[in-house]
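**Q** Below are the sequence and a predicted model for it; my questions follow.
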Amino acid sequence: MKVAAPEGAEDALGRSARGDPAAFGDLVREHQSMVFSLALHFLRDRALAEEVAQEVFLDLYQNLASIQSAAHLRFWLRKVACHRSIDYGRRQRPHVSLDDVPEPSAPMGNDPPPDPLLARTLRSLVASLPHKARMVVVLRFQEELEYHEIAEVMEIPINSVKSCLQRSLAVLRQKLNRCAGDVRYEATANRIRR
Amino acid sequence: MKPLPIGLEDELREALRRTEPPPDLAERVLARIGQSGRVSSPTPSELVRASLWSRLRSWFWRPAVRWALATAACCVLIAAVVIARQRAQRARAELAREQLEVALQLASGKLNRAFREVRRVERVERGAPVRTKVTRRTERL
């Protein structure tokens, strides 16, 4: 989500750096959705995602002096959330609790309502990807980052991002097609092929 | 093969839409900060130190810098291997030279002895008195 930083963000950042807890609280509230969602979509565990989000913000508090602007703050939070999630993902057992993941909030505007079954299937398929590929997909489709931005956040070459994303999408398509062969996912497949 | 899903990317965007965290996340973060006793603002020297350190760290972790360091490390490694090989070659050459010197000394001694023997045989054939060690000694006396 490339939202321009509000004018107050720089001010809140400055006040936080000077040790104002209220301003820091505002910063947390402003960015908590991004950090929490990154961790949640990567780990698929609400409690772990919350733990990661808390640690990221604690880390932020200790490194406030090095944050130069609101844009830098967003980049920093994405980067730290991304690497922390990958660390937690490596430590985590392969068990994935699908029921823990809440459905996404309803979209704004006149778009058709999302298919909860399809969304859940896609999230579980994304969770089955390897760590790096999973994070690339989450950064691309949750945060809608460009390739070079993903490369900067994940500290990998841009060509790796491109190939990783292409491979992941191919795998997801393949798995989704396989799912679509199942009677249970027939409606899902019809919706996708529309 | 079945047709590929066309709207996969849109569906992924929908599935990976941002989710709201628990409403008290910020309060819990602030509480943890309070517990860890880091509510006080950092001192100016701490700020400068942190800033320098973070700048240095971010500079060090830039991909270009990392590639340059890796290349430099490779160059150093290759240079070390080349130098070690040259030294080993030089040591082998020194050893060979010493062995050659010893061999030449031995060959020289053998040649001298052979030369003396040839001269002695020639004298015998010409009828000249053979000068042995004993005769040389008596002559000196």
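**A** It's in.
**Q** Scan chain B for its longest helix.
**A** With DSSP state H applied, the helix covering the greatest number of residues in chain B is identified as helix B:63-126.
**Q** next structured bit after that helix?
**A** helix B:133-140 (DSSP states H and E).
**Q** Now find how far off-centre that following helix is within its chain.
**A** Centroid displacement of helix B:133-140 relative to its chain, using C-alpha atoms, centre = their mean, to the nearest Å, is 67 Å.
**Q** Put the alpha carbons of that helix into CSV.
**A** Listed next in CSV are the C-alpha coordinates belonging to helix B:133-140 (Å, rounded to 0.1, in the frame of the first residue of the first chain):
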residue,chain,number,x,y,z
LYS,B,133,102.9,-42.1,-3.2
VAL,B,134,105.9,-44.0,-1.8
THR,B,135,108.3,-42.9,-4.5
ARG,B,136,107.1,-39.3,-4.2
ARG,B,137,107.8,-39.5,-0.4
THR,B,138,111.3,-41.0,-0.8
GLU,B,139,112.1,-38.3,-3.4
ARG,B,140,111.1,-35.6,-1.0
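**Q** picking up where we left off before, quick check, the longest helix of chain B touching chain A?
**A** Yes: applying C-beta under 8 Å from any C-beta of the partner chain, one finds helix B:63-126 in contact with chain A at B:Pro63. Bear in mind the C-beta positions are built from the backbone N, C-alpha and C, glycine included.
**Q** State the mean pLDDT of that helix.
**A** This predicted structure assigns helix B:63-126 an average pLDDT of 94.
**Q** what helices or strands is that helix leaning on?
**A** Taking 3 or more C-beta pairs under 8 Å, 6 or more residues apart in numbering or on different chains; DSSP states H and E as contact, there are no helices or strands that helix B:63-126 lies on.
**Q** Taking chain A, what residue is nearest to chain B?
**A** Closest approach between chain A and chain B, counting by C-beta to the nearest C-beta: A:Gly19, at 2.3 Å.
**Q** how much space between that residue and A:Ala65?
**A** 11 Å (C-beta to C-beta, to the nearest Å).
**Q** quick one on the thing from earlier: sec struct for the residue of chain A closest to chain B, please.
**A** Here A:Gly19 is recorded as coil under DSSP: H, G, I helix; E, B strand; the rest coil.
**Q** what about it, neighbour count?
**A** Other residues lying near A:Gly19 total 15 when counted by other C-beta atoms under 10 Å in any protein chain shown.
**Q** measure it to B:Ile33 for me?
**A** From A:Gly19 to B:Ile33 the distance is 11 Å (C-beta to C-beta).
**Q** Repeat that for B:Arg113.
**A** Counting by C-beta to C-beta - B:Arg113 and B:Ile33 are separated by 98 Å.
**Q** more neighbours, those two?
**A** Neighbour count, other C-beta under 10 Å: between B:Arg113 and B:Ile33, B:Ile33 has more, with 20 against 10.
**Q** That one: helix or strand, and which one exactly?
**A** Remark: B:Ile33 resides in helix B:25-35, with elements defined by DSSP H and E.
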